[in-house]
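K.L.:
below are the sequence and a predicted model; questions follow.
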Amino acid sequence: MPLPFQLDHVNVYLVKDDDGWVIFDTGINDEKTKTIWEQVLGGPLKGERITGVFVSHHDPDHIGLAGWLCARLDVSLQTSLGSYLSCSNISLSPLTCQTETYRKFYLSHGMDEEAATVVGGMGREYLNMVSTLPETFRRIVSGDEIKIGRQKFLAFSGDGHAPEQIMLYCESAKILLVADQVIAKITPNVSVWAEQPDDDPLDLYLRSLRMLQMNVPADVLVLPGHRLPFRGLHRRCEQIIDHHSERCDLIYQSCRQGTQSVVDLTRILFRPDLDPHQMSFAFGEALAHVNFMLASGRLRRSVDVNGRLRFAAV
């Protein structure tokens, strides 16, 4: 399904059920994606029954049309508690309060007033990309065994990219619906957000990668939320782990030369010509590495004369 971002698509999957099909992830809530779904449902799936909608996590490209599809098809939503509540919380939060919270968050880490105001208002976009969720849902928990047609899927829950991101592993078919936890060639965003400024999502993410290496064979066909399917799960997990280790080393060397703000480190880690949408994710990911290094004792935090947070190597 198309997306209006630099990463211009999201993969959604159809899994054959006994008397129909299960949908895994949905695309964003816009007219273009709805039109494509109507073409699919009225074309290749005409006369077929949709038995359920599974959502991996709360990002709008994955959950955006879940409510619309469930209402249109009269089926249940199945997802994790973290995904459902995260989406509901964003949708219900007072936008003016949320925007001010984010503006102060960005200012405290060295962003200028104009940029903090623009980037701090990015949360408003989320509401336009997500249809209203069903009032009820069926919870998926890590360790659940889910039967879809003749196949049994084991549910795993990953963290770091999104709270309780659901992945489905089918041992007999040797496939892993991995959503955004592992992607070929690009690394999933792992960010700290204003609601949890001291969170350590990178630690959670790295733990989730190692969990997959321990519980899923290396030769599965990996079906990700973006880019092409691939094989070599364990190797890809190691590549991503190494990538984040290299990022931490780059931050450490920068902070050895003098104290740095998260904005300073964002400029070091990412290219300079980021739009506000990209900047929010780049900033959040830079802070995720900083918090990870604070927890391990590689960095220390201080406050400068302007009340801005700075970080130095230990």
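P.N.:
Arrived safely.
K.L.:
just the helices in the stretch 51-200 of the chain please.
P.N.:
Using DSSP state H, counting those that start in this stretch, the helices of the stretch 51-200 of the chain run over 60-63, 66-73, 81-92, 95-108, 113-120, 124-128.
K.L.:
for residue 208, grab the count of nearby residues.
P.N.:
Around residue 208 there are 21 other residues, counting by other CB atoms under 10 Å. Backbone N, C-alpha and C define where each C-beta goes, glycine included.
K.L.:
separation between it and residue 116?
P.N.:
Applying CB to CB, to the nearest Å, the value for residue 208 to residue 116 is 31 Å.
K.L.:
give me the nearest residue to residue 80, chain neighbours excluded.
P.N.:
Nearest residue to residue 80, sequence neighbours excluded (CB to CB, 6 or more residues apart in numbering): residue 164, at 3.7 Å.
K.L.:
what's the average pLDDT for the longest helix that the chain contains?
P.N.:
The longest helix of the chain (DSSP state H) is helix 233-256. Average pLDDT, helix 233-256: 98.
K.L.:
mind listing what's buried along the next helix-or-strand element following that helix?
P.N.:
Downstream of helix 233-256, the next assigned helix or strand under DSSP states H and E is helix 262-269. By neighbour count with 16 or more other CB atoms under 10 Å, helix 262-269 contains the buried residues 262, 263, 264, 265, 266, 267, 269.
K.L.:
which of the residues you listed sit farthest apart?
P.N.:
Maximum pairwise distance in the buried residues of helix 262-269, criterion CB to CB, is 11.0 Å, between 263 and 269.
K.L.:
who touches both of those two?
P.N.:
Here residue 263 and residue 269 have no joint contacts, going by CB atoms under 8 Å, 6 or more residues apart in numbering.
K.L.:
give me the neighbour count for the closest residue to residue 299 other than its chain neighbours.
P.N.:
Nearest non-adjacent residue to residue 299, counting by CB to CB, 6+ apart: residue 293, 4.4 Å away. For residue 293, the number of neighbouring residues by other CB under 10 Å comes to 23.
K.L.:
isn't residue 293 up against residue 250?
P.N.:
No. Counting by CB atoms under 8 Å, residue 250 is not a contact partner of residue 293; they are 11.0 Å apart.
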